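*Asks:* show me how the following folds:
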Amino acid sequence: MLSVKSLNRGLSDPKLGVMNFLNEVVHRYPNAISFAPGRPLEKNFDVEKSFSYIKRYLDNANIESDSQQSYASLGQYGNTKGIIGDILSKLILNDEGIVADAASIVATVGCQEAMCLCLLALAANPGDVVLVEDPAYVGLVGAAKTFGIEVVGVPTNEDGIVVEQLNATVKKLKEANKTPRLLYVSPDFSNPTGFSSSLARRELLLDVTRELDLMVLEDHAYNYFYYDGAKTPCLKSLPGSEHVIYLGSFSKSIYPSVRIGYLVADQQVSLEDGEFCFLSDELSKVKSFLTVNSSAINQSIVAGLIVDQNYSLVDFTAKPRAELKLKRDIMISSLAKFFPKEEVWSREVDWNVPAGGFFITMKLPFHVSDDELFSCAEKYGVIWTPMSYFYVDEVLSTSVRLSFSYVSDAQIVDGIEKLACFVQEQCARLSNTGV
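*Replies:* Sure, this is the predicted structure:
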């Protein structure tokens, strides 16, 4: 029998088990209303039409789509950086205002692999540190810890990374002879908080990270799901963003199992022979030993759809975007209805109104842990995610993450009403015990 001590030390970090734990809760209470999953709804997955997109891709590439050999070629090992860089280059120019050479783009196995490539290539030397907005997406934090990379959280507020705290954190790390290498941010509708950064904060963040010699990983998994007016420009589209690596995903905009993401790494790397290459070329070396290449079949589905949509997914995502906006509005109105500010027990309860994405942050007048999660699921039939799961080091928090993406409109109303009953009971219990 193996001892856990003989395994990767990172696996013993309790944060790495939170997603499995949440799945356990969901399976234990299958009839509960779950505000935990950050998933898109299956009814918006046009999987059957996906096969026609392969033909559309082949036609666009001037490859004879009626030929059996043309289709068979998609079953072969492919270029490590992918076969759709030119199409992705046009997409991000139209939808994000990013000017990028096709050769600077790597098609990855979801956005998760894009993160892993950056971690392994840019922060794997002794003393290297990855900085993250705190709380942050657990997938990035978990991957870094699994790779043995130190992760340090930087406090955030509703406008994103607190720049003064970033400066102080970098200074402290350098005094300890450590090297901050990367800063991971999700400036639009962040998972888990739903927070977005203003244009002014983004411009300031670019200036400060450039001065601190930090590479920035900009994650935009929810970029098509904006609900209130025009989107704020992404970091990579702004002047002075040469040190930003852009991470994109189609898991939310198309469907998760297509497993195609991408990264834009157009930074120049000087080689020992005096030549230069894109950082994407160096990242592709890591990919060649990790996943070899991304599925050409899946890439052609994504590319054919993009071509079919005239190199923009804004109209394609209009229907789910409208549905999600309605769900957000229903959740916000339900919170206001069932947590009235005039009631003493709910006076300190608060929440944000995200401008997009899948998530709302709810602040409660008491700390929440696994015990409260199980209690709420068992007694009231509602599941949510403690925000402490997403902090680098924090064990307890008074905040929870509520996801509105994978529940019906009626479930949102019913679930929030039941959640209010749980919170009221907890407040009464704590008041009676004098806590």
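*Asks:* what's the closest non-adjacent residue to residue 102?
*Replies:* Using Cβ to Cβ, 6 or more residues apart in numbering and skipping the chain neighbours, the partner closest in space to residue 102 is residue 85 (3.7 Å). For every residue, glycine as well, the C-beta is placed using N, CA and C.
*Asks:* correct me if wrong: that neighbour contacts residue 107.
*Replies:* Yes. A contact is recorded between residue 85 and residue 107 when judged using Cβ atoms under 8 Å, the distance being 7.1 Å.
*Asks:* neighbour count: these two, which is higher?
*Replies:* Shown here are residue 85 and residue 107; by other Cβ atoms under 10 Å, residue 107 has more neighbours (31 against 22).
*Asks:* secondary structure element for that one?
*Replies:* Here residue 107 sits within strand 105-108, counting by DSSP states H and E.
*Asks:* before we move on, back to that, for residue 104, see how far away the residue nearest to residue 102 is.
*Replies:* With distances taken as Cβ to Cβ, to the nearest Å, residue 85 is found 8 Å from residue 104.
*Asks:* to the chain's geometric centre, what's the distance from the longest helix along the chain?
*Replies:* Longest helix in the chain, counting residues (DSSP state H): helix 409-433. Computed by Cα atoms, centre = their mean, to the nearest Å, the chain-centroid distance of helix 409-433 equals 29 Å.
*Asks:* stretch 12-28 now?
*Replies:* Offset of stretch 12-28 from its chain centre (Cα atoms, centre = their mean): 18 Å.
*Asks:* also stretch 205-225?
*Replies:* Distance of stretch 205-225 from the chain centroid (Cα atoms, centre = their mean) equals 13 Å.
*Asks:* strands along the stretch 151-300 of the chain, start to end?
*Replies:* Listed in chain order, the strands of the stretch 151-300 of the chain (DSSP state E, counting those that start in this stretch) span 160-161, 179-185, 215-219, 244-249, 261-264, 268-270, 276-278.
*Asks:* Throw those strands into TSV and include mean neighbour count, thanks.
*Replies:* Written out in TSV, the entries for those read as follows (neighbours: other Cβ atoms under 10 Å):
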stretch	mean neighbour count
strand 160-161	25
strand 179-185	23
strand 215-219	24
strand 244-249	27
strand 261-264	27
strand 268-270	11
strand 276-278	15
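*Asks:* for residue 39, find the nearest of these.
*Replies:* For those, proximity to residue 39 was assessed by Cβ to Cβ; strand 244-249 is nearest, at 13.0 Å.
*Asks:* can you tell me the strand partners of that closest one and which way each runs?
*Replies:* Strand 244-249 has the following sheet partners, assigned by DSSP bridges: strand 215-219 (parallel), strand 261-264 (antiparallel).
*Asks:* now these in JSON lines, with mean pLDDT?
*Replies:* Compiled in JSON lines, those are given as follows (pLDDT from 0 to 100):
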{"stretch": "strand 215-219", "mean pLDDT": "98"}
{"stretch": "strand 261-264", "mean pLDDT": "98"}
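*Asks:* make JSON lines out of the ones you listed and add distance to residue 192.
*Replies:* As requested, the strands paired with strand 244-249 are arranged in JSON lines below (distance: least, Cβ to Cβ, whole Å):
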{"stretch": "strand 215-219", "distance to residue 192": "12"}
{"stretch": "strand 261-264", "distance to residue 192": "19"}
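*Asks:* tell me the confidence at the closest residue to residue 367 other than its chain neighbours?
*Replies:* Across the structure, with Cβ to Cβ, 6+ apart as the measure, the residue nearest residue 367 apart from its sequence neighbours is residue 396 (4.5 Å). Looking at residue 396, its pLDDT reads 88.
*Asks:* wait, residue 191 sits on residue 357?
*Replies:* Yes. With contacts defined as Cβ under 8 Å, residue 191 counts as touching residue 357 at a distance of 7.1 Å.
*Asks:* what do the two both touch?
*Replies:* Shared contacts of residue 191 and residue 357, defined by Cβ atoms under 8 Å, 6 or more residues apart in numbering, are found at residue 222.
*Asks:* more neighbours, those two?
*Replies:* Taking neighbours as other Cβ under 10 Å, residue 191 and residue 357 compare with residue 357 leading, 29 against 22.
*Asks:* could you report the distance from the more buried one to residue 239?
*Replies:* Spatial separation of residue 357 from residue 239 under the definition Cβ to Cβ is 26 Å.
*Asks:* cool, and residue 80?
*Replies:* Residue 80 sits 31 Å away from residue 239, taking Cβ to Cβ as the criterion.
*Asks:* the more surrounded of those two?
*Replies:* A direct count of neighbours by other Cβ under 10 Å for residue 80 and residue 239 places residue 80 higher, at 20 against 7.
*Asks:* that older thread, and the longest helix of the chain, what does it pack onto?
*Replies:* Contact analysis of helix 409-433 by 3 or more Cβ pairs under 8 Å, 6 or more residues apart in numbering; DSSP states H and E lists strand 33-34, helix 318-338, strand 359-368, helix 370-380, strand 382-383 as its packing neighbours.
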